[in-house]
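# sharing a model that was predicted from the sequence below.
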Amino acid sequence: MIISMRPHASQEEIDRVCDRIREFGYKVNSIVGEERVVIGAVGIGDVTLCLESIQAMPGVESAVRISAPYKFVSREFRAEPTRIPLNGLEIGGDEFVVMAGPCSVESEKQIMETAEGVAAAGARVLRGGAFKPRTSPYDFQGLELEGLKLLAKARAATGLAIVTEVMGDREVELVAEYADIMQVGARNMQNFVLLKMLGKCGRPVLLKRGMSSTIKELLMSAEYITAYGNSSVILCERGIRTFETATRNTCDIAAVPVLRELTHLPVVLDPSHATGKRSLVPALSRAAVAIGADGLLIEVHPCPERALSDGAQSLDLNQFRAMMHSLSGYVKLWKEVRVVSAAAASA
């Protein structure tokens, strides 16, 4: 259910409504706006009786049933886009945010050179894997704790925020000590124990769509994180598995506007994994801006031919710089559209 309180309802009225909802056995999640409070209630119970009871309470403007199976992440629960504050910027706000860096942290020289290069080109977040899920057990698995320490050193030197992958629930606390954003890879999108732990970690989460997962399943995974206390979730389209073999995955570019219709959460695109080919990354990046994504997740390596993982889809620093330059006109238009859309929504 969604309960909208009247403008400037008293705190006492809000507390009474929340207490009454809990009496029916529901969990409560509140959004405090400038003029009103919106309360979300999820759980198992007598919805009709609860709605009738709440609607009769002082300070309540309306109470309605949520139809979507994902409650807290739906547009029904929150119409305004969620903005996630991060190191002086907002993901989902008025800035198109580019996250860039190597697939995996390999050495201090490699990550420092990459961090300095992508920061100079306009990236705001450094990506890099300290823990790496690999299909083969014989492939490079990452530097683990040493990799996290090198990412922290790169952040101190450049001011870039850090996004890195967390592989399992046992590593959540460790990764949260170093990361600004906790990344959930495609293989872990439905690792529900991990998602529950991330709901309590106190860090924004970048949730990648599973390679064979539907949009509904992606949103239900985001609901897990939100329902366990963490509403700072960024959704990432990274391509899905189809019968097509020309690219590593098939980029579901339409997923970006579909998600923006269904959820208030920010949506970013990973063109590196979606294509698997560095030559296709700039074109797909421009498409992501044009179609309304909130940002990009790009693989960049100072020497892709020597990369220990995903070299074929990684841009070198010169290619990344050229791509960022080519995006500037698209980003300018993106900002103009955002201003118009925000004005229309508030009218």
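Thanks, I have it.

# can you tell me which residues contact the spatially most central residue of the chain?
Nearest residue to the geometric centre of the chain (Cα atoms, centre = their mean): I234, 1.2 Å. Counting by Cβ atoms under 8 Å, 6 or more residues apart in numbering, I234 touches 84, 91-92, 181, 204-207, 265-268, 294-295. C-beta here means a position set from N, CA and C on the backbone, and glycine is covered the same way.

# next, it: secondary structure please.
strand (DSSP: H, G, I helix; E, B strand; the rest coil).

# quick one: pLDDT of it?
With respect to pLDDT, I234 scores 98.

# can you pull up the bridge partners for it?
L206 (DSSP bridges).

# closest to A307 among the contacts of I234?
In terms of Cβ to Cβ, no member of the contacts of I234 lies closer to A307 than L206, at 21.2 Å.

# how close does the closest one get to S314?
To S314, L206 is 18 Å away according to Cβ to Cβ, to the nearest Å.

# likewise M211?
To S314, M211 is 19 Å away according to Cβ to Cβ.

# likewise for K71?
Look at K71 and S314: by Cβ to Cβ, they are 38 Å apart.

# now for A345, how many residues are close by?
Using other Cβ atoms under 10 Å, A345 has 10 neighbouring residues.

# can you list the residue ranges for strands in this structure?
Here the chain has its strands, by DSSP state E, at 2-5, 27-32, 37-42, 60-64, 84-86, 89-91, 97-101, 125-127, 161-165, 181-184, 205-208, 233-237, 267-269, 295-299.

# circling back to that earlier point, going by neighbour count, which of the contacts of I234 are buried?
Neighbour-count burial (16 or more other Cβ atoms under 10 Å) applied to the contacts of I234 gives 84, 91-92, 181, 204-207, 265-268, 294-295.

# mind putting these in CSV, distance to A342 and pLDDT included?
Compiled in CSV, those are given as follows (distance: Cβ to Cβ, whole Å; pLDDT from 0 to 100):
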residue, distance to A342, pLDDT
I84, 17, 97
I91, 16, 97
G92, 12, 96
I181, 24, 98
P204, 22, 98
V205, 25, 98
L206, 24, 98
L207, 25, 98
L265, 17, 98
P266, 15, 98
V267, 17, 98
V268, 19, 98
D294, 13, 98
G295, 17, 98
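
# residues touching the residue nearest to M112 when sequence neighbours are not counted, list them.
Leaving aside its chain neighbours, M112 sits nearest to A154 (5.7 Å; criterion: Cβ to Cβ, 6 or more residues apart in numbering). By Cβ under 8 Å, 6+ apart, the contact set of A154 is I111, M112, T114, A115, L126, G128, L160, I162.

# low-confidence regions, the stretch 51-200 of the chain specifically.
The stretch 51-200 of the chain contains residues with pLDDT under 70 at 138.

# what residues are up against Q190?
With Cβ under 8 Å, 6+ apart, Q190 has these contacts: G210, S213, E217, S221.

# ok so, going back, in ChimeraX, how would I select just the buried ones from the contacts of A154?
The ChimeraX selection below is limited to those of those classed as buried (16+ other Cβ under 10 Å):
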select :111,112,114,115,126,128,160,162
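
# now, which of the contacts of A154 sits nearest Q55?
I162 (46.0 Å).

# so that closest one makes contact with I181?
Yes. Between I162 and I181 there is a contact at 7.1 Å, judged by Cβ atoms under 8 Å.

# of the buried ones among the contacts of I234, closest to T48?
For those, the residue nearest T48 by Cβ to Cβ is L265; the value is 29.3 Å.

# and for the closest residue to P58 other than its chain neighbours, the neighbour number?
Spatial nearest neighbour of P58, excluding adjacent residues (Cβ to Cβ, 6+ apart): E13 at 5.3 Å. E13 sits with 16 neighbouring residues when counted by other Cβ under 10 Å.

# which residues does R65 contact?
R65 neighbours (Cβ under 8 Å, 6+ apart): M1, V47, L51.

# could you do I291 as well?
I291 neighbours (Cβ under 8 Å, 6+ apart): I253, V256, P257.

# rewinding a little: and the contacts of A154 as JSON lines, adding distance to S285?
Output for the contacts of A154, formatted as JSON lines (distance: Cβ to Cβ, whole Å):
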{"residue": "I111", "distance to S285": "22"}
{"residue": "M112", "distance to S285": "24"}
{"residue": "T114", "distance to S285": "17"}
{"residue": "A115", "distance to S285": "20"}
{"residue": "L126", "distance to S285": "17"}
{"residue": "G128", "distance to S285": "19"}
{"residue": "L160", "distance to S285": "18"}
{"residue": "I162", "distance to S285": "21"}
